[in-house]
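# Sequence and computational prediction follow.
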Amino acid sequence: MGPRLRRLIAPFPIGLLLSAWMLASCGGETAERPVTELAVERIKAPAFSSDSAYGYIQSQVDFGPRVPNSKEHVACGDWLANELTRHGAVVIEQPGRVRAYDGTVLEMRNIIGQFRPQNQERIMLYAHWDTRPFADKDTIRIREPIDGANDGGSGVGVLLEVARILGSDTTLDVGIDVIFFDAEDYGAPEWANTGNGSLTTWCLGSQFWANQPHKFGYQAKYGILLDMVGAKDAVFNREGTSMAFAPSIVRKIWKAASDLGYSNYFKNDVTPQTVDDNLFVSQLGGVPSANIVHYQVQVLPMGYGPFHHTHQDNMRVISKPTLEAVGNTLLDVIWND
């Protein structure tokens, strides 16, 4: 996620996406109405292993930067598909070619792991698995790729641990799709001078999927995106695009986090609307999605952490307590759906 325009989209000049927000803000999903909540006994979800998730992040980083068109990217993608298969998922790979901001043709692949593929009712969990091809917020080696331990590795690490748990479970009635989107972080750097057009140079894998899902007519009740969910003292505010398209899902997640004692991570401030995979999955793919993303409104323009898009985004920033908070919250939401 590059300059503020990488994420902040208000004002947003692209008519299609703007009109979608107008529809979302006028539709029934965003209307806040007083509700009376009945006391319901919550189902205890399996325990999330932060040690396991940490190991999955380390394994990704060990491949090196996962930049499209690199051998490290190919090797890591193969490993991700094999891990999902090992955990019992029916894996679909969605290869494609997309054009980057500078005209480079990127060989990308989205990787989908289906759990209980026969179930019509589905939940979509996703993260991006590629890493930034340059360190455009750093002061040194700015044209070299970054490790992406947090931005790229952490969301995938959490979801691989969730996949491991799903593979051994026999109790859930809902189908789960774990999706790793590619080419999310190849957006235009500040030096590219692409102006407002840079906004759709991000999230190329999710745009590709939204226009041609892995299954014709694919539908899910909702989606949850994990982006940069591993840093020490991370802050997850209610992200603006999520509140536009899926406010009820945001409330569900944040209530679960509060009930589990994770309010020190999950805060109630609402951020500006942002450009992330959940925008395209919600607006083009038709799956209303919430984004759990490290974003502190109070410390803009570096609200994503001082290591964001720098060479400091390495394993030293990853915190097992943060991974545990996100993982346990996610499992609680799924098990109590």
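Nice, thanks for sending it over. Given the structure is predicted, the values throughout are model-derived calculations rather than measurements.
# Contact partners for the closest residue to residue 313 other than its chain neighbours?
Residue nearest to residue 313 in three dimensions, not counting chain neighbours: residue 307, with 4.6 Å by Cβ to Cβ, 6 or more residues apart in numbering. (C-beta placed from N, C-alpha, C; glycine too.) With contact taken as Cβ atoms under 8 Å, 6 or more residues apart in numbering, residue 307 is in contact with 150, 231, 313, 314, 317.
# Next, format those residues as TSV and append pLDDT, distance to residue 259 and secondary structure.
Shown next, in TSV, are those (pLDDT from 0 to 100; distance: Cβ to Cβ, whole Å; DSSP: H, G, I helix; E, B strand; the rest coil):
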residue	pLDDT	distance to residue 259	secondary structure
150	98	26	helix
231	97	23	strand
313	98	31	coil
314	98	33	coil
317	98	28	helix
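# among those residues, which two are most distant?
231 and 314 (11.0 Å; Cβ to Cβ).
# higher neighbour count, those two?
The residue with more neighbours, out of residue 231 and residue 314, is residue 231; 23 against 16, by other Cβ atoms under 10 Å.
# In the sheet, which residues pair with the more buried one? Tell me.
Under DSSP bridges, the beta-bridge partners of residue 231 are residue 318.
# Pretty sure it sits against residue 150.
Yes. Residue 231 is in contact with residue 150 according to Cβ atoms under 8 Å; the separation is 5.1 Å.
# list the residues that contact both of these two?
Between them, residue 231 and residue 150 share the contacting residues 294, 305, 307, 317, 318, judged by Cβ under 8 Å, 6+ apart.
# Pipe these into CSV and attach distance to residue 97 per row.
What follows is those, written out as CSV (distance: Cβ to Cβ, whole Å):
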residue, distance to residue 97
294, 31
305, 32
307, 31
317, 33
318, 32
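# Pick out the lowest-pLDDT one from the residues you listed.
The lowest pLDDT within those belongs to residue 305, with 90.
# Relative to residue 58, how far out is it?
19 Å (Cβ to Cβ, to the nearest Å).
# sorry, back to before: which of the contacts of residue 307 sits closest to residue 133?
Closest to residue 133, out of all of the contacts of residue 307 and judged by Cβ to Cβ, is residue 313, at 13.1 Å.
# residues contacting the closest one?
So residue 313 contacts 146, 147, 148, 149, 150, 151, 307 (Cβ under 8 Å, 6+ apart).
# Which residue in these has the weakest pLDDT?
Minimum confidence in these sits at residue 307, scoring 94.
# what about residue 127, which SS state?
Following DSSP: H, G, I helix; E, B strand; the rest coil, the label given to residue 127 is strand.
# Skipping its backbone neighbours, what lies nearest it in space?
Residue 127 sits nearest to residue 155 (Cβ to Cβ, 6+ apart), 2.9 Å away.
# what does residue 105 give?
Residue 105 sits nearest to residue 97 (Cβ to Cβ, 6+ apart), 5.4 Å away.
# which residues sit in contact with residue 58?
Per Cβ under 8 Å, 6+ apart, neighbours of residue 58: residue 315.
# ok so it is a strand residue?
No. Going by three-state DSSP, the assignment for residue 58 is helix, not a strand.
# What's the separation between it and residue 161?
13 Å.
# again, but for residue 274
In terms of Cβ to Cβ, residue 274 sits 26 Å off from residue 161.
# about what we covered before: hey, what's the residue nearest to residue 105 bridged with?
Going by DSSP bridges, residue 97 forms beta bridges with residue 107.
# which residues touch it?
105, 106, 107, 108.
# ok, these vs residue 258, which is closest?
After measuring the contacts of residue 97 against residue 258 - Cβ to Cβ - the closest member comes out as residue 108, at 37.2 Å.
# The closest one reaches residue 182, doesn't it?
Yes. With contact taken as Cβ under 8 Å, residue 108 and residue 182 are classed as touching, separated by 4.0 Å.
# who has more neighbours, these two?
Remark: of residue 108 and residue 182, residue 182 carries more neighbours, 28 against 23, as counted by other Cβ under 10 Å.
# residues touching that one, list them.
68, 77, 108, 109, 110, 111, 128, 129, 130, 204, 205.
# so where's the stretch 201-337 of the chain uncertain?
299-302 (pLDDT under 70).
# and residue 116, how many residues sit next to it?
18.
# Quick check: closest non-adjacent residue to it.
residue 175 (4.2 Å).
# who touches that neighbour in this structure?
Counting by Cβ under 8 Å, 6+ apart, residue 175 has contacts 114, 115, 116, 117, 118, 119, 120, 121, 122, 123.
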